[in-house]
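Engineer: Sequence plus predicted model, see below.
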Amino acid sequence: MKNIEIYTLDYCPYCQKAKFFLKELNQEFKEIPCDDNEEEMRIKLSKEYNLPSLATFPQIIIDGENIGGYSDLIEKYNSKEIRFD
């Protein structure tokens, strides 16, 4: 089982899609809500994962590696770069 963390915002539709996608694949994940400190978390995540610009939401971390957002997750899953077997 992979260690998955998702940094989310309540109002973010892509956050909801990412959580739904992982639930459909029966993947457990730790959700880290960032609504109370959104700007601080954008800066923290950008620095922590050396992102080229300010972090967007969701930010998905799998086994310590920043995957990116929802579209990145889907793209890497479809190309079999990420596997959940």
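Structural biologist: On my side now, so go ahead.

Engineer: L22: what's it in contact with?
Structural biologist: Contact analysis of L22 by Cβ atoms under 8 Å, 6 or more residues apart in numbering lists 4, 6, 29. In this view, the C-beta of every residue, glycine as well, is placed from N, C-alpha and C.

Engineer: and the closest residue to P33 other than its chain neighbours, what pLDDT?
Structural biologist: Counting by Cβ to Cβ, 6 or more residues apart in numbering, P33 lies nearest to T8, which is 5.8 Å off, once chain neighbours are set aside. The model reports T8 with a pLDDT of 98.

Engineer: Please apply the same query to F84.
Structural biologist: At F84, pLDDT is 89.

Engineer: Look at it and give its secondary structure.
Structural biologist: coil (DSSP: H, G, I helix; E, B strand; the rest coil).

Engineer: cool, and E31?
Structural biologist: E31 - assigned by three-state DSSP - is strand.
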